[in-house]
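In: quick one: sequence and predicted model below, then my questions.
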Amino acid sequence: MKKLGFLVFLIASLLLGACGQPTTSSKIDAYHENGEIIGDEKEEMVANTSPSIYESIDRDKNKPDPITIGNIEKEGEEIQVSEGRYMITGYEAGTVTIKDSDDAILYETALVSEGMGVSAITLDLTEDHTIHVDGFEEAFVQPAEPPALNEFGPGIWEVGKDIEPGQYTATGNGYGYLQLFTKEKSPQVFEVHGESVQDPIKIDLEKGQKIKIVDTGFVYLEPQPEE
């Protein structure tokens, strides 16, 4: 019965989104071609993003140990970890917020147990980041595994490490967003659906760019021949 009200609300919200009702999409009225969101809507989505998203860590040098966060209090728990690449999950449902030392947000999402919605996020972290978890019975911060071929779940991925530079089409397994961050340029945001809903979006990826995937189980990036 612990945190039952929170779990009911969270799971109901996630299942509603999974049923194909894009609650965020209904508010977005400024689009560019190719599924790209522009204007004030885009700026709101990327506002207060931590500049640390552009940082690249030495993954071979840093092999983090797994961490279990138990006995989570009502107000949540905060931890810091050593530099490394991590996958964060939780039991049964809750929220994860990752901020830098200036309180800018690197990533924020709701998670539920596997099979019920978005169940994990994968991203690089440093000692500068703080992980806040709330609502879970337990949360787990584990060393990340490489992605499946061309399939990328929620989290932050680096071009040149997780995926080769080149031209790709992108589709999702539901409604979600692919945010593309390039140093010294304005971020781009693409709304990604399944193929039955929209044509795949087309993106050009360059080494060093960061791909942030939110609100969908995965995005499939299909390599395309260069034009």
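Out: Done, it's in. Numbers count the residues shown, from 1 in each chain.

In: domain boundaries for the chain, per the record?
Out: 29-47+147-227, 49-145 (automatic domain parsing).

In: tell me, what residue is most central in this structure?
Out: Centroid-nearest residue in the chain, with C-alpha atoms, centre = their mean: Gly155, separated by 3.1 Å.

In: can I get the domains of the chain in JSON lines with mean pLDDT?
Out: Formatted as JSON lines, the domains of the chain follow (pLDDT from 0 to 100):
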{"stretch": "domain 29-47+147-227", "mean pLDDT": "89"}
{"stretch": "domain 49-145", "mean pLDDT": "93"}
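
In: just give me the neighbour total for the closest residue to Gln179 other than its chain neighbours.
Out: Leaving out its chain neighbours, the residue that sits closest to Gln179 by C-beta to C-beta, 6 or more residues apart in numbering is Lys212, at 4.1 Å. (C-beta placed from N, C-alpha, C; glycine too.) If you count neighbours by other C-beta atoms under 10 Å, Lys212 ends up with 21.

In: could you measure from Lys212 over to Gly35?
Out: 16 Å (C-beta to C-beta, to the nearest Å).

In: now do Leu205
Out: 16 Å.

In: same question for Ile131.
Out: Ile131 sits 31 Å away from Gly35, going by C-beta to C-beta.

In: repeat that for Asp124.
Out: 26 Å.

In: please work out how many residues are found near Pro66.
Out: That count, for Pro66 with other C-beta under 10 Å as the rule, works out to 10.

In: then Gly90?
Out: 25.

In: my read is it is in a helix, agree?
Out: No. According to DSSP: H, G, I helix; E, B strand; the rest coil, Gly90 belongs to no helix; its state is strand.

In: going forward, count from 590.
Out: Sure thing, new numbering starts at 590, so read that last one as Gly679.

In: tally up the residues packed near the nearest residue to it once chain neighbours are set aside, please.
Out: Among residues not flanking Gly679 along the chain, Phe725 sits closest, at 3.8 Å (C-beta to C-beta, 6+ apart). Counted with other C-beta under 10 Å, the neighbours of Phe725 add up to 26.

In: try Gly763
Out: If we define neighbours as other C-beta under 10 Å, then Gly763 has 19 of them.

In: follow-up on the earlier one: could you tell me whether the residue nearest to Gln768 really is in a strand?
Out: Yes. The assignment for Lys801 is a strand, going by three-state DSSP.

In: buried ones in stretch 730-744?
Out: Applying a neighbour-count criterion of 16 or more other C-beta atoms under 10 Å, one finds Val730, Gln731, Ala733, Pro736, Phe741, Gly742, Pro743, Gly744 buried in stretch 730-744.

In: I'd assumed Gly679 was in contact with the second one.
Out: Meaning Gln731. No. Using C-beta atoms under 8 Å as the test, Gln731 is too far from Gly679 to be in contact (11.5 Å).

In: so the residue nearest to Gly679 makes contact with Ile661?
Out: Yes. Because the distance of 5.7 Å satisfies C-beta under 8 Å, Phe725 is recorded as touching Ile661.

In: what touches both of those two?
Out: In terms of C-beta atoms under 8 Å, 6 or more residues apart in numbering, Phe725 and Ile661 are both contacted by the residues Gly683.

In: can you tell me how far the residue nearest to Gln768 is from Lys791?
Out: 18 Å.

In: can you check Gly744 too?
Out: Using C-beta to C-beta, Gly744 is found at 22 Å from Lys791.

In: could you do Gly628 as well?
Out: For Gly628, the distance to Lys791 (C-beta to C-beta) stands at 20 Å.
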